[in-house]
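Trainee: model this:
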Amino acid sequence: MLIGYMRVSKADGSQTLDLQRDALIAAGVVADHVYQDHASGKRDDRPGLEACLKALRDGDTLVAWKLDRLGRDLRHLVNLVHNLTGRGVGLKVLAGQGAQIDTTTANGRLVFGIFAALAEFERELIVERTRAGLASARARGRHGGRPFKMTAAKLRLAQAAMGQPGTKVGALCAELGITRQTLYRHVDPKGLLRPDGEKLLGSRSLAARSSVTPVPEYAPGLPPT
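Mentor: Predicted structure coming up:
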């Protein structure tokens, strides 16, 4: 059975589905077996596409006017077709750049194999660029990830407070904006530094020392050297 899918990005009436519907029916799709969406292709929540995919059975063929009617990007398309192939469902594209894709034929599977290879190549390029960017940032002293909630100033306050017998840990954590796990990772119940706390204060002290510009010494009554 042939099942069609069509989509336009806007639902304000400025775009119509007539051209796609005519092409699908001319390709042999029965009008009752056509699903549609008025939504951007970048959206994951497309009820028409979801219903269309659920309706497909082993031996069916999904027919689309163009590739961009189906997927958000090349990788999404590749994953979609792999999923359909695993279910025994074919894909046929009628127009556009993917017009030669028909996974029910040997030539169509070959063309789609090229698309899949390009998607894999794109993934590898993204990973490579990401790693290179992170390495470059680390070389310049910049590190990614979320900022630490425990700061040197908070840690010193926590040290002083934990050394007091009447300190309530819950109230202290709420005041500092940290969790108990974060607190106890840096200080013990007596306020003594733990390895993470020593590392935090040590790195801050090292940064402070490295940022201080030494002042030349000179004796009274003599010009500075």
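
Trainee: from Leu74, how far out is Thr16?
Mentor: 27 Å (C-beta to C-beta, to the nearest Å). Just so you know, the C-beta spots here come from the backbone N, C-alpha and C atoms, and that holds for glycine as well.

Trainee: can you check Ser14 too?
Mentor: Taking C-beta to C-beta, one finds Ser14 at 27 Å from Leu74.

Trainee: which of those two has more neighbours?
Mentor: Leu74 (17 against 8; other C-beta atoms under 10 Å).

Trainee: low-confidence stretches in the protein?
Mentor: By pLDDT under 70, the low-scoring segments of the chain are 11, 13, 72, 97-98, 112, 115-116, 118-123, 125, 141-148, 203-225.

Trainee: list the strands paired with the longest strand seen in it, with their directions.
Mentor: The residue-count maximum for a strand in the chain (DSSP state E) belongs to strand 2-8. If you go by DSSP bridges, strand 2-8 pairs up with strand 34-38 (parallel), strand 61-64 (parallel).

Trainee: of those, which is nearest Ala161?
Mentor: strand 34-38 (57.6 Å; C-beta to C-beta).

Trainee: what residues of the closest one count as buried?
Mentor: 34-37 (16 or more other C-beta atoms under 10 Å).

Trainee: could I get those as TSV with distance to Ala171?
Mentor: As requested, the buried residues of strand 34-38 are arranged in TSV below (distance: C-beta to C-beta, whole Å):
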residue	distance to Ala171
Val34	63
Tyr35	57
Gln36	58
Asp37	53
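
Trainee: farthest-separated two in the residues you listed?
Mentor: Longest span within the buried residues of strand 34-38, C-beta to C-beta: Val34 and Asp37, 11.3 Å.

Trainee: what do those two both touch?
Mentor: Met6 (C-beta atoms under 8 Å, 6 or more residues apart in numbering).

Trainee: which residues of the protein fall in helices?
Mentor: 18-26, 47-55, 74-86, 106-139, 152-162, 169-176, 180-186, 195-211 (DSSP state H).

Trainee: let me have those helices in a markdown table, adding distance to Ile3 as columns.
Mentor: Output for the helices of the chain, formatted as a markdown table (distance: least, C-beta to C-beta, whole Å):
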| stretch | distance to Ile3 |
| --- | --- |
| helix 18-26 | 9 |
| helix 47-55 | 6 |
| helix 74-86 | 11 |
| helix 106-139 | 17 |
| helix 152-162 | 60 |
| helix 169-176 | 57 |
| helix 180-186 | 52 |
| helix 195-211 | 58 |
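
Trainee: nearest to Leu67, out of these?
Mentor: helix 74-86 (6.2 Å).

Trainee: list the buried residues for the closest one?
Mentor: 74-75, 77-78, 80-81, 84.
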